[in-house]
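**Student:** missing the sequence, but the structure's below:
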């Protein structure tokens, strides 16, 4: 069994791609409101690593999208947001500010804050919801079962945490009981995420789940409606997909998430 087949089997997709000739694969899902915004390509930027035969369906989806409509950049705002000034912070100062932050109630029960991890010159930025129990203990995002699934999906794309990818969360401290972060908690952490984006200057952002999408884009976001589209966040394309923890509970949607990642890769290739 080759490495690619092993990876696809781990994320629950091996039968779909392996038996394409013998068993018809489901037609790729195309949103009627697909939008394909493009971010300016930086000088010398390289295409994503590794050929992706499994992405052909998503590539067809991108090519049949309706003409793009402009999407205004959206940034979450909150009138009662605490004053957190990290606008000029470098990486070390920023991470120290996150680890010592007491701006919201989430700090009261945390073990460790979780700034983020990965390549600080990454083209890909993945943004999740918030740390879980293992992340709280280790101070690193996506290290539990959801993290293993995310790592497998990254490997299938030809990248990895620390190599072309940076991983962060909308909130940097674990919500009690792994509950969904509340709007004021997301607002408190917003300056940290914004500064991470400014420092990284990624070529594409993937929002993992609804809270992450809302922290990046503002307003109410529904995953089903947002899939298959690109949103513009201050010149950077944003693609929305399911959170890996959701996929562990709903494995039948792994194929949809894989389509989304292939779509994101095609957006990046055309940027």
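**Tutor:** Received, thanks. Bear in mind the structure is a predicted one, so any value in this text is a computation, not a measurement.
**Student:** What is the burial count for residue 190?
**Tutor:** Here the number of neighbours of residue 190 (other CB atoms under 10 Å) works out to 20. (Glycine included, C-beta is placed from N, CA and C.)
**Student:** Just give the nearest non-adjacent residue to residue 93, would you?
**Tutor:** Nearest residue to residue 93, sequence neighbours excluded (CB to CB, 6 or more residues apart in numbering): residue 86, at 7.4 Å.
**Student:** show me where the stretch 151-271 of the chain has helices.
**Tutor:** For the stretch 151-271 of the chain, the helices defined by DSSP state H, counting those that start in this stretch cover 183-200, 210-217, 223-226, 244-249, 254-270.
**Student:** still on that earlier bit, for the residue nearest to residue 93, helix, strand, or coil?
**Tutor:** Here residue 86 is coil, with the state taken from DSSP: H, G, I helix; E, B strand; the rest coil.
**Student:** from memory it sits against residue 92, does it?
**Tutor:** No: using CB atoms under 8 Å as the test, residue 86 is too far from residue 92 to be in contact (11.7 Å).
**Student:** Could you report the distance from the closest residue to residue 195 other than its chain neighbours to residue 229?
**Tutor:** Leaving aside its chain neighbours, residue 195 sits nearest to residue 86 (4.7 Å; criterion: CB to CB, 6+ apart). From residue 86 over to residue 229 the distance is 30 Å, taken as CB to CB, to the nearest Å.
**Student:** repeat for residue 267
**Tutor:** 10 Å.
**Student:** same deal with residue 265?
**Tutor:** In terms of CB to CB, residue 265 sits 15 Å off from residue 229.
**Student:** between the two, which one's more packed in?
**Tutor:** residue 265 (25 against 22).
**Student:** Who are the contact partners of the residue nearest to residue 116 when sequence neighbours are not counted?
**Tutor:** Counting by CB to CB, 6+ apart, residue 168 is the residue found nearest to residue 116 once chain neighbours are left out, at 3.7 Å. The neighbours of residue 168, taking CB atoms under 8 Å, 6 or more residues apart in numbering as the test, are 115-116, 125-128, 141, 193, 196.
**Student:** Much appreciated, bye for now.
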